[in-house]
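1. the sequence and its predicted three-dimensional model are supplied below.
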Amino acid sequence: REKKVPDNLIKVVIGAMCPNVKKRIQNVREFRDVLTGSRTLESVLAKPSEETVVIKNKTKTTDGEGTVVANKNTDNCNISQKNEINEDSCVEKEEVKDSSNNDTKFFICNNKKTDNHILRYLLKIGVLLLICFPIGYYSYKITCENRAFEKAILSQNIDDINKFVSEYGQMTDEHRKKINARLSYLQKQQHNKQIIDNLVSNMVYVEGGTFMMGGTEPYDWEETKPVHQVTLSSFYIGKYEVTQEEWKAIMGNNPSKFIGDKRPVDQVDVGRAKYDDCLEFIKKLNHLTNKKFRLPTEAEWEYAARGGNLSKGYRYSGSNNISDVAWWSGNSRGKTHNVGQKQANELGLYDMTGNVREYCSDWAAPYSASSQKNPKGPQKGDCGHVFRGGDWAVSEYDCAVPYRSVGIMAGFLGSENGFRLVMEP
């Protein structure tokens with residue numbers, strides 16, 4: 001403890017403990033050089049250390065080929081199998097002749113990778129990352145998009161598809177085409193469902209009762225007589241004639257001459273033995289709504305047109321002035337009009353007079369004078385089905401509540417023909 005610590009030892013300790021790794025003493029040789037004073041600490045730290053070995057040229061011996069390996073700072077060369085190294089593997093080499101043996105050649109070999117080698121290695125890794133990362137990210141993005149697409153395309157909810165569109169705005173063209181088609185289909189289905197829901201909600205309840213059916217005026221057409229008593233049970237009837245948008249929502253087509261979603265459907269098929277279009281419409285509607293729709297009987301139609309139990313005995317459905325409640329030849333300008341624009345009758349039903357004539361489930365046949373309860377009329381005949389209510393092309397005489405249109409022949413299609421629905425309670 002009384003001995004003074006050598007300055008060189010202090011320098012060695014300082015050099016070994018330097019926080020900067022590059023400025024530390026790197027190996028025992030540098031420790032020794034600084035301690036012995038053969039090199040200054042500054043010179044050691046100023047030049048990167050080299051780990052070198054000396055490699056003897058390969059020479060033939062009786063034992064085969066061998067390699068002499070030695071440290072640069074040693075006087076003698078030693079055979080070391082552990083540190084064997086080939087001349088060709090040296091990064092940097094320098095040929096040196098042994099002074100004791102002119103035939104022996106040594107090579108100073110620096111095996112420590114320089115900073116340039118490390119930088120090259122890191123650069124290669126960086127390039128690989130730059131190449132692989134975008135590819136991996138793109139693959140991951142495509143996988144996520146495909147999964148989300150499968151979920152969205154199978155969904156019945158428009159919100160799910162809109163969510164997919166908002167999250168994957170840069171979707172593939174194939175996905176965009178299919179998503180747009182699916183979205184259009186679901187929007188159409190949703191729109192059609194709303195139309196059908198409105199149709200159901202627009203059915204008006206008609207309380208059953210008893211009324212005198214037929215033409216009571218002397219000038220009424222012979223086919224409207226004799227007047228007879230009819231008793232009916234309660235039923236529901238459409239507030240409006242079946243419109244073109246309702247027909248399209250169910251049938252997917254529009255046979256009408258006068259086009260307009262809110263106009264009544266016209267030119268529906270009328271046959272002698274069947275009326276396929278309307279029956280098919282009703283069949284599909286019943287399937288979609290799980291309700292029982294049908295055409296009205298002639299008795300149900302006239303009872304509703306007269307106002308049911310609320311009837312005020314008007315000549316036309318809802319008024320004695322035809323123009324208040326109907327589109328007829330005097331005001332129609334030769335075409336149908338949107339439903340619900342004229343005045344409603346006592347039950348809140350529109351266009352029971354005029355616009356299009358509405359056909360019933362009964363086949364045309366003369367009335368019976370006897371009282372009847374819930375009559376359904378003949379189910380076949382020679383003159384087709386009965387139409388009621390008049391239309392846009394006829395006179396006010398043909399639009400009176402009792403008037404019956406008969407004699408419609410097979411396959412006759414007219415822009416005057418439409419229909420209204422009845423729904424059973």
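-> On my side now, so go ahead.

2. against Glu207, how distant is the residue lying closest to Thr210 once chain neighbours are set aside?
-> Computed as C-beta to C-beta, 6 or more residues apart in numbering, the closest residue to Thr210 that is not its neighbour in sequence is Thr231, at 4.5 Å. (C-beta placed from N, C-alpha, C; glycine too.) Distance of Thr231 to Glu207, given as C-beta to C-beta, to the nearest Å: 12 Å.

3. the two: which has the busier surroundings?
-> With other C-beta atoms under 10 Å as the criterion, Thr231 and Glu207 differ in neighbour count, and Thr231 comes out ahead with 15 against 12.

4. give the pairing partners of the host helix or strand of that one; include direction for each.
-> Under the criterion of DSSP states H and E, Thr231 resides in strand 228-232. Paired with strand 228-232 in the same sheet, following DSSP bridges, are strand 209-213 (antiparallel), strand 372-373 (parallel).

5. in a helix, Ser323, correct?
-> Yes: Ser323 forms part of a helix when assessed by DSSP: H, G, I helix; E, B strand; the rest coil.

6. burial measure for Val394, as a count.
-> Taking other C-beta under 10 Å as the neighbour definition, Val394 ends up with a count of 19.

7. could you look up the SS state of it?
-> Secondary structure for Val394, judged by three-state DSSP, is coil.

8. pLDDT below threshold where in the stretch 101-250 of the chain?
-> Flagging of the stretch 101-250 of the chain using pLDDT under 70 yields the residue ranges 101-116.

9. now with 90?
-> Of all residues in the stretch 101-250 of the chain, those with pLDDT under 90 make up the ranges 101-176, 178-180, 182-185, 187, 216-224.

10. just say which of the strands paired with strand 228-232 is most tucked in.
-> When you average the neighbours per residue for each of the strands paired with strand 228-232 (mean count of other C-beta atoms under 10 Å), strand 209-213 leads with a mean of 16.

11. how about that one as CSV, C-alpha atoms only?
-> What follows is the C-alpha trace of strand 209-213 in CSV, where atoms were taken according to Å, rounded to 0.1, in the frame of the first residue of the first chain:
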residue,chain,number,x,y,z
GLY,A,209,-123.0,-6.4,-42.6
THR,A,210,-126.1,-6.7,-44.9
PHE,A,211,-126.8,-4.6,-47.9
MET,A,212,-129.0,-4.5,-51.0
MET,A,213,-126.8,-5.5,-54.0
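
12. before we move on, back to that, redo the strands paired with strand 228-232 as TSV? Include distance to Lys291.
-> Below are the strands paired with strand 228-232 laid out as TSV (distance: least, C-beta to C-beta, whole Å):
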stretch	distance to Lys291
strand 209-213	23
strand 372-373	24
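
13. output the below-cut-off pLDDT ranges for the stretch 301-425 of the chain.
-> Under the criterion pLDDT under 90, the flagged ranges of the stretch 301-425 of the chain are 359, 361-366, 377-386, 405-417.

14. from what I see, the residue nearest to Thr210 and Gly209 are in contact.
-> Yes: in this structure, Thr231 sits in contact with Gly209. The criterion is C-beta atoms under 8 Å, and the distance is 7.4 Å.
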